[in-house]
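Participant: Coordinates only, no sequence provided:
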């Protein structure tokens with residue numbers, strides 16, 4: 001029996017078709033939670049759901065662009081309709097930028113980074129909160145980044161978006177801490193995922209950021225990030241609220 005308080009709970013994990021999101025969805029399922037897998041990749045989402053069901057768990061999927069309000073609303077509505085509640089929201093889906101410095105960021109790259117990495121979590125959080133408020137409880141865990149607490153872990157657009165996630169996390173935590181809702185974030189360092197960085201090695205941004213990568217330390221496995229996310233969502237973290245937890249092998253301490 002799970003000791004985390006997650007057994008039988010309803011959990012949404014975005015970006016759950018691969019990487020950190022997949023590892024997180026699988027771990028929640030092992031804890032007995034019912035999991036909605038949201039991802040842009042239908043094949044990845046379906047495969048993770050089937051893996052959960054194969055071990056006796058419960059999973060449903062929603063496929064779409066989470067930065068669109070209609071998709072965010074569908075994710076939340078599907079979780080509530082399928083499971084009867086929404087206890088945990090994990091805003092994990094995200095994309096990397098091209099490591100571009102401020103003067104080199106295009107309008108398209110800027111807008112895409114903000115839409116996917118910041119607006120989508122906001123839309124999902126806003127959609128989820130009424131259900132959590134009605135229940136008088138809930139946990140939200142955001143995937144920030146080392147780029148959200150440092151200035152030299154990514155390009156300008158990604159760094160700004162992830163700093164925004166830190167602000168969203170802290171503001172939401174304060175606004176709803178007396179309503180039984182906790183909001184925290186993990187800040188992963190280097191992690192072995194399928195995310196590709198399409199950076200111009202001759203660009204100013206990559207040249208600058210590359211000089212700070214020597215202290216990144218051991219690359220984490222997705223399961224290590226998942227363990228921190230599930231912990232923050234669990235009863236074991238019942239008095240932890242508004243925390244940005246680096247999971248980076250000490251990179252943030254260098």
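Facilitator: Now that the structure is in, tell me what you want to look at. Worth saying up front: this structure is predicted, and the values here are computed from it rather than measured.
Participant: got the contact list for the closest residue in space to residue 252 that isn't next to it in sequence?
Facilitator: Distances taken as C-beta to C-beta, 6 or more residues apart in numbering place residue 246 nearest to residue 252, at 4.2 Å, with adjacent residues excluded. The C-beta positions use only the backbone N, C-alpha and C, and glycine is treated the same way. Residues touching residue 246, when contacts are defined by C-beta atoms under 8 Å, 6 or more residues apart in numbering, comprise 146, 149, 186-187, 189, 252-253.
Participant: Doesn't residue 246 lie inside a strand?
Facilitator: Yes. Using DSSP: H, G, I helix; E, B strand; the rest coil, the assignment for residue 246 is a strand.
Participant: how about the helices in the chain?
Facilitator: 19-30, 42-54, 69-83, 107-114, 120-135, 156-176, 204-210, 222-233 (DSSP state H).
Participant: ranking those by burial, who's on top?
Facilitator: With neighbours taken as mean count of other C-beta atoms under 10 Å, the helices of the chain reach their highest mean count in helix 19-30, at a mean of 26.
Participant: by how many degrees do it and helix 222-233 diverge?
Facilitator: Taking axes from the mean of the first three to the mean of the last three C-alpha atoms, to 10 degrees, helix 19-30 and helix 222-233 form an angle of 60 degrees between their directions.
Participant: by contact count, what packs against helix 19-30?
Facilitator: Other helices and strands packing on helix 19-30, by 3 or more C-beta pairs under 8 Å, 6 or more residues apart in numbering; DSSP states H and E, are strand 10-14, strand 34-39, helix 42-54, strand 88-91, helix 222-233.
Participant: Can you list the helices and strands that the longest one packs against?
Facilitator: If I follow you right, that is helix 42-54. For helix 42-54, the elements it packs on are helix 19-30, strand 34-39, strand 59-63, judged by 3+ C-beta pairs under 8 Å, 6+ apart.
Participant: rewinding a little: between the contacts of residue 246, which sits nearest residue 58?
Facilitator: Checking the contacts of residue 246 against residue 58 with C-beta to C-beta, the nearest one is residue 186 at 24.5 Å.
Participant: Contacts only, for the closest one.
Facilitator: Taking C-beta under 8 Å, 6+ apart, one finds 141-144, 225, 228-229, 232, 244-247 in contact with residue 186.
Participant: same deal with residue 83?
Facilitator: Shown here is residue 83, whose contacts under the criterion C-beta under 8 Å, 6+ apart are 10, 34, 36, 58.
Participant: One more: residue 24?
Facilitator: Each residue near residue 24 by C-beta under 8 Å, 6+ apart is listed here: 13, 16, 90, 92, 222, 225-226, 229-230.
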